[in-house]
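In: Sharing a model that was predicted from the sequence below.
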Amino acid sequence: MRALFLDVSAGAAGDMLSAALLELCQDRDAMLARLNAAKIPGVTFSAQRVEKHGVVGTHLTVLFREEEEEQGVPDAHPHHHAHVHRGMFEIREIVAGLDVPETVRRDVLAVYQEIAEAEAEVHGTTMEHIHFHELGSMDAIADITAACLILHELRPEHITASPVCTGFGEILCAHGRLSVPAPATARILRGVPSLAGDMEGELCTPTGAALIKHFAQTYSRQPAMTAERIGYGMGKKDFPKLSAVRAVLGSVEETIVELSCNVDDMSPEAVGFAIEELLRLGAPDAYYTPIGMKKNRPGVILTCLCREDQRDEMVRALFRHTTTLGIRETLCRRYVLRRAERMVETPYGPVRVKRSEGYGVEREKAEFDDLRRIAREADLTLDEARELLYE
């Protein structure tokens, strides 16, 4: 399984995360060009190799024109800007205009919603009445968009993060002097393992906290994995020891949980609904097998495959949607091909093509739903619709 580990034991900020992820890209220049083509208003990205405490990494700089932030003389500066107070309405408008895949837009808005909900709770108001200060500036929007877009291109199947180091002490912000972690950061990290560490200062920003919370699926030390690429994302501040995000991209041997139960008193419709609910909750697969049970009754084995962190949720769903009195569990090793998706334009609209590779195998398959739509709209057979991909 293609896995990503984010070591944020020395802090997490948006620019540090995006810089570490950029280092994982096979063609960093192409990824940088993709970021600069995302149409973030007035923003230009540049990457610099920097050394801190004997470790070489990348710092991702956001350059922008000040007239995008305030009315005045056009000029370009790295991260120097007036603190524009944007709300979620303005953020949504900016995100809607980005030249990025729709899934990236959804991720960017989800990260901002995490921040907005935290700010609203801290200030005792509603999310729609929140106006971001530093977080509403174009460089913050750029940092979040960069991290979301690069992760979309890397396509890890599972993301693990270390417990988040927040730092300690005080910081000066738009609301005066506040304890570290800042109230919004502390609220975002609710439910996420974190620690103060031994370095004074703000090591984790609200942006970094929200990105980690949105994307990380599990929290632990680095799991057993075969590393393919390692990246270091450097921040702007200097500390007595290295403060950087380390990102490790590689493969892990996947363990999957097989949950199964025997039932002989459910209707076919009820069995089908139970499977639909398991899949809706995120089970990688769910199916049934016809069997003969005691007293010669026909029945089925209902099987659900899930990740270990999904086990409890799937067990509850099986008990809720079936009549079983007991569930069996088996741990299995799972070998999977790496998967990616590309879009192919045809005269009748786009077709998604799924690609899988690994273990000496390469395959491509067009999405059936897209071929069916084209076949019906253009009065073609499925084979004729598939041939459009190769014209």
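Out: That came in fine, so what should we check first? Numbers count the residues shown, from 1 in each chain.
In: what about the helices in the protein?
Out: Using DSSP state H, the helices of the chain run over 14-24, 28-36, 88-96, 102-123, 138-154, 183-188, 206-215, 268-280, 311-321, 368-377, 382-387.
In: out of those helices, deepest packed?
Out: Of all these, helix 14-24 has the most neighbours on average by mean count of other CB atoms under 10 Å, namely a mean of 28. Every residue, glycine included, has its C-beta placed from N, CA and C.
In: ok, and what's touching it?
Out: 4, 6, 8, 28, 31-32, 47, 57-60, 62, 139-140, 143-144, 146-147, 150-151, 154, 205, 207-208, 211-212, 229-236, 244-247, 249 (CB atoms under 8 Å, 6 or more residues apart in numbering).
In: any idea how far residue 33 is from the residue most central in space within the chain?
Out: With distances taken as CA atoms, centre = their mean, residue 215 lies nearest the centre of the chain, 3.6 Å away. From residue 215 across to residue 33, the span is 23 Å (CB to CB, to the nearest Å).
In: For residue 66, give me the pLDDT.
Out: On pLDDT, residue 66 comes in at 54.
In: And the one 3 residues further on, by the same measure?
Out: The pLDDT attached to residue 69 in the predicted structure is 39.
In: next one: residue 10
Out: As predicted, residue 10 sits at a pLDDT of 91.
In: Wait, it touches residue 237, no?
Out: No - applying CB atoms under 8 Å as the test, residue 10 and residue 237 come out as separate, 11.5 Å apart.
In: so what sits against both of these two?
Out: Common neighbours of residue 10 and residue 237 (criterion: CB under 8 Å, 6+ apart): residue 243.
In: Which one's more surrounded, those two?
Out: Neighbours around residue 10 and residue 237, counted as other CB atoms under 10 Å, are more numerous at residue 10. The numbers are 21 against 12.
In: Grab the nearest non-local neighbour of that one.
Out: Take residue 10 and drop its neighbours on the chain: the residue closest to it by CB to CB, 6 or more residues apart in numbering is residue 243, 4.8 Å away.
In: Show me what residue 171 is bridged to.
Out: residue 178 (DSSP bridges).
In: check contacts around it.
Out: By CB under 8 Å, 6+ apart, the neighbours of residue 171 are 177, 178, 180, 182, 201, 202.
In: Check it and give its pLDDT.
Out: pLDDT, residue 171: 75.
In: Could you report the distance from it to residue 245?
Out: 19 Å.
In: Equivalent analysis for residue 165, please.
Out: 11 Å.
In: which of those two has more neighbours?
Out: Neighbour count, other CB under 10 Å: between residue 165 and residue 245, residue 245 has more, with 30 against 22.
In: In contact with the more buried one, which residues?
Out: Per CB under 8 Å, 6+ apart, neighbours of residue 245: 6-8, 10-13, 16-17, 19-20, 232-233.
In: From the residues you listed, pick the one nearest residue 317.
Out: Nearest to residue 317, judged by CB to CB, of those is residue 6 at 29.5 Å.
In: Which positions in stretch 247-263 come out as buried?
Out: 247-252, 254, 256-257, 259-263 (16 or more other CB atoms under 10 Å).
In: I'd like the distance from that stretch to the chain centre, please.
Out: Put simply, stretch 247-263 sits 19 Å off its chain's centre (CA atoms, centre = their mean, to the nearest Å).
In: closest to residue 359 out of the helices of the chain?
Out: It's helix 138-154; of the helices of the chain, that one is closest to residue 359 (CB to CB) at 20.5 Å.
In: and residue 191, what are its phi and psi?
Out: Per-residue torsions, residue 191: phi 90, psi 0 (degrees, to the nearest 10).
In: Just give the nearest non-adjacent residue to it, would you?
Out: Leaving aside its sequence neighbours, residue 191 sits nearest to residue 213 (CB to CB, 6+ apart; 7.8 Å).
In: The one you found contacts residue 193, doesn't it?
Out: No - using CB under 8 Å as the test, residue 213 is too far from residue 193 to be in contact (11.1 Å).
In: hmm, back to that, what would the helices of the chain look like in CSV with distance to residue 290 and mean pLDDT?
Out: Shown next, in CSV, are these (distance: least, CB to CB, whole Å; pLDDT from 0 to 100):
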stretch, distance to residue 290, mean pLDDT
helix 14-24, 46, 95
helix 28-36, 50, 94
helix 88-96, 49, 87
helix 102-123, 38, 88
helix 138-154, 41, 91
helix 183-188, 48, 90
helix 206-215, 41, 94
helix 268-280, 10, 96
helix 311-321, 18, 97
helix 368-377, 26, 93
helix 382-387, 29, 91
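In: So which of those is nearest residue 302?
Out: helix 268-280 (6.4 Å).
In: Against which helices or strands is that closest one packed?
Out: Judged by 3 or more CB pairs under 8 Å, 6 or more residues apart in numbering; DSSP states H and E, the packing partners of helix 268-280 are strand 285-292, strand 298-306, helix 311-321.
In: who wins for proximity to residue 220 among the ones you listed?
Out: Among the helices and strands packed on helix 268-280, helix 311-321 comes nearest to residue 220, with 16.0 Å by CB to CB.
In: Please consider this matter closed, and thank you.
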